[in-house]
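**Q** Task: produce atomic coordinates for the following.
(one chain, ligands or ions: 2)
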Amino acid sequence: MIATSIERAVALLRGGDVVAFPTETVYGLGAIAFDANAVAKIFERKGRPRFDPLIVHAPTPEEAFRLCDRVPSIARRLAEAFWPGPLTLVLRKHPSIPDLVTAGLPSVGIRVPAHPVAQSLLTALEAPLAAPSANRFGKVSPTTAEHVFLDLGTSIPMILDGGPCQRGIESTIVSLLEETPRLLRPGSIAIEELQTVVGNIAVSHGETDSRLSPGQQKSHYAPRTPMQPLAEAARPRSGERVGLLAIAPMSSEGYAAVEVLSPNGDLREAATKLFAALRRLDSQRLDRIVCQLAPLRGLGAAINDRLLRGCQPASLEAQGPTTPT
Ligand code: TXA
Ligand code: MG
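**A** Ligands and ions are numbered 1, 2, ... in the order given. Sure thing, here's the model as predicted:
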């Protein structure tokens with residue numbers, strides 16, 4: 001059910017159930033982080049393998065840091081600069097967090113979301129929420145309550161509606177487990193912005209560093225329709241139905257469906273609109289989708305990360321049932 005009652009969401013969560021809720025990045029599927037039975041429902045409803053850890057959301061930096069064992073000063077500097085907002089910090093976990101949340105890792109990903117509905121929910125709940133994106137595992141993340149409904153439908157009791165997400169791309173994930181901060185996932189905060197606060201940042205690539213950040217599989221964001229980068233794609237042949245996903249206006253002759261993410265090539269706007277546009281193209285029974293990549297600066301890194309993952313065929317994990325470990 002799509003609804004707007006915070007009280008009802010709180011009652012369901014306190015009763016050990018899951019609720020989808022809006023954040024500024026994408027919709028999350030939440031359960032009280034200390035309630036392992038409720039967290040198990042997240043994995044089950046999403047079809048998510050249990051090796052893929054969840055991010056825990058708290059209303060304030062103080063509450064978020066209470067979930068960690070040791071908080072280095074660099075974490076406080078980043079929190080000061082970017083929270084509330086789309087930054088996830090990976091720190092040593094506090095023993096109170098169930099192993100299921102962190103997939104058995106000794107660390108936890110924490111974030112203070114900026115969305116007013118997420119803030120109201122967390123404040124009223126008086127407990128942190130473990131929440132991955134509210135989509136079936138391996139599908140495109142949801143940026144509206146309707147997207148959540150299309151993916152998870154009646155398998156969850158409530159979708160808290162907060163309108164379309166303002167950022168549209170998931171949070172940037174930074175690990176602070178080593179001396180030098182390490183970017184685990186490019187996201188809504190550009191690496192250049194992080195560098196202004198912390199200087200040097202190491203960059204991980206999900207596939208090669210899957211131990212550091214499980215869940216960053218190559219094909220995590222795949223639409224059903226095969227997708228290719230423009231530079232590698234053949235022009236549409238006659239009789240072929242090809243969709244074009246463009247960052248900025250470009251020649252679209254021969255394409256059966258076209259989505260232009262930003263009239264001026266503004267990357268913030270393109271990020272906000274990316275997942276909804278990809279879903280629209282994916283619903284049009286196209287033979288393939290061709291995507292224009294973004295310039296590699298600012299949010300371009302996060303946009304291209306999602307597009308290039310979407311170009312990989314769906315992984316076995318994404319197709320199979322939940323791993324019962
Ligand atoms: O914007 C977002 O981050 C959204 C909203 C709902 O907050 N959430 C989100 O969650 O994108 P999800 O589950 O789709 O992605 C979480 C990813 C995991 O796949 C993993 O790569 C990383 O976060 N992660 C979580 N905890 C971690 C940890 N302890 N160590 C390393 N990586 C971790
Ligand atoms: Mg996700």
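
**Q** Can you get me a residue count around residue 95?
**A** As a burial measure, the neighbour count of residue 95 was computed by other CB atoms under 10 Å and equals 7. For every residue, glycine as well, the C-beta is placed using N, CA and C.

**Q** list the contacts for it?
**A** For residue 95, the residues meeting the contact criterion (CB atoms under 8 Å, 6 or more residues apart in numbering) are residue 69.

**Q** Write out the residues of the stretch 51-200 of the chain neighbouring ligand 1.
**A** Taking CB under 6 Å from any ligand atom, the part of the stretch 51-200 of the chain that reaches ligand 1 is made up of 52-55, 86, 88, 90, 102, 105, 107-109, 111, 131-133, 170-171, 173, 184.

**Q** Show me those residues that map onto helices.
**A** With DSSP state H as the criterion, helices contain residue 102 from among those.

**Q** Which residue ranges of the stretch 101-250 of the chain form strands?
**A** For the stretch 101-250 of the chain, the strands identified by DSSP state E, counting those that start in this stretch occupy 107-111, 129-130, 159-160, 172-175, 182-185, 202-203, 227-229, 242-246, in order along the chain.

**Q** Could you chop this structure up by domain?
**A** Each domain of the chain is listed here as a residue range: 2-210, 227-319, per automatic domain parsing.

**Q** Is it possible to get CSV of those that adds mean pLDDT?
**A** As requested, the domains of the chain are arranged in CSV below (pLDDT from 0 to 100):
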stretch, mean pLDDT
domain 2-210, 95
domain 227-319, 93
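
**Q** among these, which is the most enclosed?
**A** When you average the neighbours per residue for each of these (mean count of other CB atoms under 10 Å), domain 2-210 leads with a mean of 20.

**Q** just how off-centre is it within its chain?
**A** Using CA atoms, centre = their mean, to the nearest Å, the distance from the centre of domain 2-210 to the centre of the chain it belongs to is 8 Å.

**Q** circling back to that earlier point, any chance of the domains of the chain in JSON lines, with distance to residue 221 too?
**A** What follows is these, written out as JSON lines (distance: least, CB to CB, whole Å):
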{"stretch": "domain 2-210", "distance to residue 221": "6"}
{"stretch": "domain 227-319", "distance to residue 221": "4"}
